[in-house]
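J.: got a sequence here, can you model it:
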Amino acid sequence: MVTPPLRCHLLIGPPASGKSTLAAVLAERTGAIVLSTDAIRAELYGDAAVQGPWSEIETLFHQRLKEAVAAGQPVILDGTHSQRPWRLAILQVLELPAPVQWIGWWLTTPLQQCLAWNQQRDRQVEEGVIRRQLAHLLDRSKIRTSRLVLKEDQDPAFPVGPEGQSTSFIDRQRSHFREEGFASVVAIDPASLSGSLPEHIDGVVAGLDRAIQMAGSRKSKVVLHRYSRLLDLERLIFLIRLLLEFPGVELADPAVEQELRASFLFAPSAPLPDDKELSFASRVAFALHHRHGPCYGDVHAIELDLEWLLEQKFVSLADLPVSGPVIPGPADERVQRMKAVGAGFPAAADEAVFQRQFGLLRHLIQNPFDHPTGRSGSDQVQSNSLGNETMKSLEEVVREARKPNEAGQKIEAVTISKNQGSSRAAIPSLRAFLLMRMGQLNVADYGSLRRGYSAWDFQPEAPQLRTLDKDIELLIKGYGFTTINHRDHAPI
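T.: Presented below is the predicted three-dimensional model:
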């Protein structure tokens, strides 16, 4: 008989959102003990209000968690955990002595209610801290820079529908949280419960097993791989972005240092190491640590990522165009352990999705867009020479492909006059043409296509185009690939 994993709980929410109250009820209902960062501060410094160095607090916090797990004691982690790197440090970085199934409890308490409850606390938190941490939790971007700046007149707030908070938004955010490795994520607003909090907790706890089982059955056919964990996937994406934005990552160059600080790559006070004493992977790790969070700054992992990028021809301008699919590699023991406890994974954890999205990304990095020029008998294309000048940004491609006509309709095909004669030839959209090119090179699979297909065969609402749109939107809005400058790109 297989021993079930230890079930532990991690609370997520800004200060004064009701986390400690929820933790107390949850502990009573589940027999778990509560570990809170406030209690750690009081133990270390004699006062929970003293912030102290986070490294000291985190070290003792993790030590107590390991001791409890080793003893088979369920734990509730009471803290804001408002930023993804903070959560990943526990869910995917910290090595625990036994398998743990994590349940996330996301408090969706509205800002004004948090501010009101904060006024009733003995130890009040600055209003700006509450606003910033809530803004991090509502940030739908995956870029995850270490600092998020709010304008003075900008209030972080949940999207509100006719009957209160937007259910669809909360469901989407819950799924994003689950990608981090939670077996299940519960969204709860303590201020709007119809019944008592203990009754609500009892109902949720009773339904956890079924919810986790159903989520697992929906992913039963997923083929996991080397980059299935969100931490590894995002580190790889952030690494690619860094290499495109700052080729060479020469930290000692004053001009580069100024640009890095201006782009929030480093906090103004962050000391730059002696560039000459660092390996390339160490310089990259230092940059990712300060830009996205310490959990992304693993030097050894980055060394392996760089080797993988070379093997998959992401960072070489030789032998263009690159053909064939991207091969992520087999899932390692860490991925298998997460699967065994019912942990959540991102969509790209499935090998087919990863190959499609990273095949697209590699193609966009390595090749400026070819432009279709007409059709005469068979498809004829006049291509830019590969590797020539600056590649169009993804935003420009999407904007051009979706440019509205005078009637406000999207233009998926354009007609132009040939240089000679009066006949006209249809030009497919850039998106359709991109699909054709990737199909010819076998770099990304966007669905079954009939033999001999071409860019002219795609209709405006073709499922392949809709999937491509979602992938491009993920790269642009999610991970910030707004401009890829091919001219400045250099091999490692």
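J.: which parts of the stretch 1-150 of the chain are helices?
T.: Using DSSP state H, counting those that start in this stretch, the helices found in the stretch 1-150 of the chain span residues 19-30, 37-45, 54-70, 84-88, 111-119, 127-138.
J.: which of the residues in the last one are buried?
T.: Residues of helix 127-138 classed as buried: 130, 131, 132, 133, 134, 135, 136, 137, 138 (neighbour count, 16 or more other C-beta atoms under 10 Å). Just so you know, the C-beta spots here come from the backbone N, C-alpha and C atoms, and that holds for glycine as well.
J.: quick revisit: deepest-packed of the helices of the stretch 1-150 of the chain, please.
T.: Highest mean neighbour count of these: helix 84-88, a mean of 22 (counted as mean count of other C-beta atoms under 10 Å).
J.: average pLDDT for it?
T.: Here helix 84-88 scores 92 as its mean pLDDT.
J.: ok, stretch 168-182 next?
T.: 89.
J.: what residues of that stretch count as buried?
T.: Residues 169, 170, 173, 174, 176, 177, 178, 179, 180, 181, 182 are the ones in stretch 168-182 that count as buried (16+ other C-beta under 10 Å).
J.: mind checking which of these are in helices?
T.: Among the buried residues of stretch 168-182, the members falling in helices (DSSP state H) are 169, 170, 173, 174, 176, 177, 178.
J.: which among those residues gets closest to residue 472?
T.: residue 176 (18.8 Å; C-beta to C-beta).
J.: residue ranges in the stretch 201-350 of the chain under the pLDDT threshold?
T.: The stretch 201-350 of the chain contains residues with pLDDT under 70 at 247-278, 316-320.
J.: now the helices for it?
T.: All helices of the stretch 201-350 of the chain, identified by DSSP H, counting those that start in this stretch, fall at 208-218, 230-245, 254-262, 280-292, 299-311, 333-340.
J.: for those helices, give me a markdown table that also has mean neighbour count and distance to residue 477.
T.: Formatted as a markdown table, those follow (neighbours: other C-beta atoms under 10 Å; distance: least, C-beta to C-beta, whole Å):
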| stretch | mean neighbour count | distance to residue 477 |
| --- | --- | --- |
| helix 208-218 | 13 | 25 |
| helix 230-245 | 23 | 13 |
| helix 254-262 | 13 | 22 |
| helix 280-292 | 22 | 17 |
| helix 299-311 | 16 | 23 |
| helix 333-340 | 15 | 27 |
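J.: dump those to JSON lines, plus distance to residue 444.
T.: Listed next are the helices of the stretch 201-350 of the chain as JSON lines, based on distance: least, C-beta to C-beta, whole Å:
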{"stretch": "helix 208-218", "distance to residue 444": "24"}
{"stretch": "helix 230-245", "distance to residue 444": "16"}
{"stretch": "helix 254-262", "distance to residue 444": "32"}
{"stretch": "helix 280-292", "distance to residue 444": "26"}
{"stretch": "helix 299-311", "distance to residue 444": "17"}
{"stretch": "helix 333-340", "distance to residue 444": "23"}
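J.: out of the ones you listed, nearest to residue 199?
T.: Residue 199 sits nearest to helix 208-218 of all the helices of the stretch 201-350 of the chain, at 15.7 Å, using C-beta to C-beta.
J.: which helices and strands sit right next to the closest one?
T.: Taking 3 or more C-beta pairs under 8 Å, 6 or more residues apart in numbering; DSSP states H and E as contact, the helices and strands that helix 208-218 lies on are strand 184-188.
J.: contacts for the strand it packs on?
T.: Here strand 184-188 makes contact (C-beta atoms under 8 Å, 6 or more residues apart in numbering) with 22, 103-108, 170, 173-175, 177-178, 200, 204, 208, 211-212, 215, 344.
J.: and the angle from it to helix 208-218?
T.: Relative orientation of strand 184-188 versus helix 208-218 (axes from the mean of the first three to the mean of the last three C-alpha atoms, to 10 degrees): 130 degrees.
J.: send me strand 184-188 as CSV with only the CA atoms.
T.: Presented in CSV, the C-alpha positions along strand 184-188 are these (Å, rounded to 0.1, in the frame of the first residue of the first chain):
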residue,chain,number,x,y,z
SER,A,184,-5.0,22.4,-5.2
VAL,A,185,-5.5,26.2,-4.6
VAL,A,186,-8.5,27.4,-2.6
ALA,A,187,-9.7,31.0,-3.1
ILE,A,188,-11.5,32.5,-0.1
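J.: mind listing what it pairs with, with the direction of each?
T.: Strand 184-188 pairs in its sheet with strand 100-107 (parallel), by DSSP bridges.
J.: next, the angle helix 333-340 makes with the partner strand.
T.: 70 degrees.
J.: strand 100-107 to helix 19-30, inter-axis angle?
T.: On the basis of the same axes, to 10 degrees, strand 100-107 is oriented at 140 degrees to helix 19-30.
J.: start at 604, not 1
T.: From this message on, residue numbering opens at 604, which makes the last subject strand 703-710.
J.: return the set of buried residues in stretch 689-701.
T.: By neighbour count on 16+ other C-beta under 10 Å, the buried set for stretch 689-701 is 689, 690, 691, 692, 693, 694, 695, 697, 699.
J.: nearest to residue 648 among those residues?
T.: Comparing those against residue 648 with C-beta to C-beta picks out residue 689 as the nearest, at 20.1 Å.
J.: re the thing from before, for residue 911, which of the helices of the stretch 604-753 of the chain is the nearest?
T.: helix 687-691 (20.1 Å).
J.: against which helices or strands is that closest one packed?
T.: If you count contacts as 3+ C-beta pairs under 8 Å, 6+ apart, helix 687-691 packs onto no helix or strand.
J.: ok, and what's touching that helix?
T.: Residues outside helix 687-691 that contact it (C-beta under 8 Å, 6+ apart) are 613, 615, 682-684, 747, 749, 780, 783-784, 833-834, 895-899.
J.: can you do 6 Å?
T.: Here helix 687-691 makes contact (C-beta atoms under 6 Å, 6 or more residues apart in numbering) with 684, 747, 783, 834, 896, 898.
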